[in-house]
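>>> okay, sequence plus prediction incoming.
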Amino acid sequence: MYGRRQETSRRDRPGSDGMQERRQPDLRGVRPPRLQLADSAVGPGRPGPEAMDFFSQWRSPVLDYRRGVQALERLGVYYLGANLDREKELHEFQIPHALELNAIRLALMRTQEFSSWISESFIRVLNLSPATAYAKVYDGIATVRLTGEPIEFAVEYERTLKSQSKYEKIREAIESERRLNVFLYLVPQFELLFSLSDAFRNTKRSVFFGLIGEFKEKVFEAPVRTAPWKEISLRTALTSAIALAKARS
């Protein structure tokens with residue numbers, strides 16, 4: 001009939017599916033907000049309240065667990081049952097390890113015998129070429145002069161124990177090492193020292209184990225242990241190991 005408008009049901013309207021059609025907002029050209037470190041109540045250059053609210057949303061049980069472990073370690077309590085591999089950790093969790101490793105390097109640099117230090121990152125670069133590769137990626141490689149000639153040795157800092165299978169692979173790598181003759185493992189606690197030396201009890205290489213606290217205080221005069229649990233000073237360990245390597249070559 002004339003004058004009567006024909007209505008279309010909602011269900012017949014395109015894209016409605018029985019509901020009123022919604023228009024999607026056009027987000028082209030819209031940039032996400034940036035969190036800036038502004039001067040706030042907690043101090044200049046610190047995250048403001050907005051940033052802190054943002055970061056609090058990303059807290060995870062793993063992060064809380066790691067912080068708890070680190071807090072216990074600062075009190076001298078170490079958990080020996082966890083097999084925590086650094087390769088699987090996030091960069092944030094490597095900070096305590098990196099700080100102690102830097103303390104080791106600084107302790108060596110304060111001595112007159114110190115010559116040079118090769119960092120872990122540079123060792124990874126060297127390992128890209130078979131001509132300059134080491135058997136494994138060490139935490140660092142130090143060169144010192146105790147008898148007038150350079151003595152090069154690998155440095156490893158162990159905050160936690162790895163699994164026995166991991167140490168078997170590490171021991172095999174050290175046994176096959178051709179560029180180094182001395183290997184020094186430093187740990188924060190005596191129980192770790194005993195367990196780690198036991199993992200290398202069958203090694204044929206000159207691997208020594210010491211406490212990082214004694215090393216930072218005495219450096220070359222710090223006591224170290226061999227896998228058979230013989231205690232000598234680090235100075236004696238380095239010089240005797242190099243002399244033994246020369247006698248075998």
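Sure thing, it's come through.

>>> and the helices in this protein?
For the chain, the helices defined by DSSP state H occupy 49-56, 61-74, 95-109, 120-126, 164-175, 190-199, 212-218, 234-248.

>>> out of those helices, the one nearest Val224 is which?
Set against Val224 and scored by Cβ to Cβ, the helices of the chain come closest in helix 234-248, at 5.1 Å. (Glycine included, C-beta is placed from N, CA and C.)

>>> ok, Ile123 - contacts?
134, 137-138, 140-141 (Cβ atoms under 8 Å, 6 or more residues apart in numbering).

>>> repeat that with 6 Å
137-138 (Cβ atoms under 6 Å, 6 or more residues apart in numbering).

>>> can you check the one 10 residues further on too?
Residues in contact with Ala133 (Cβ under 6 Å, 6+ apart) are Asn127.

>>> tell me the domain ranges of the protein?
Using automatic domain parsing, the domain ranges for the chain come out as 39-77, 83-248.

>>> quick one on the thing from earlier: now distance to Phe153 and mean pLDDT too, for the helices of the chain, in TSV please.
Output for these, formatted as TSV (distance: least, Cβ to Cβ, whole Å; pLDDT from 0 to 100):
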stretch	distance to Phe153	mean pLDDT
helix 49-56	41	47
helix 61-74	26	59
helix 95-109	11	93
helix 120-126	13	95
helix 164-175	12	93
helix 190-199	17	89
helix 212-218	13	96
helix 234-248	6	89
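
>>> out of these, which gets nearest to Leu184?
helix 234-248 (7.3 Å).

>>> hmm, Leu238 is touching Ile151, no?
Yes: with contact defined as Cβ atoms under 6 Å, Leu238 reaches Ile151; the gap is 5.2 Å.
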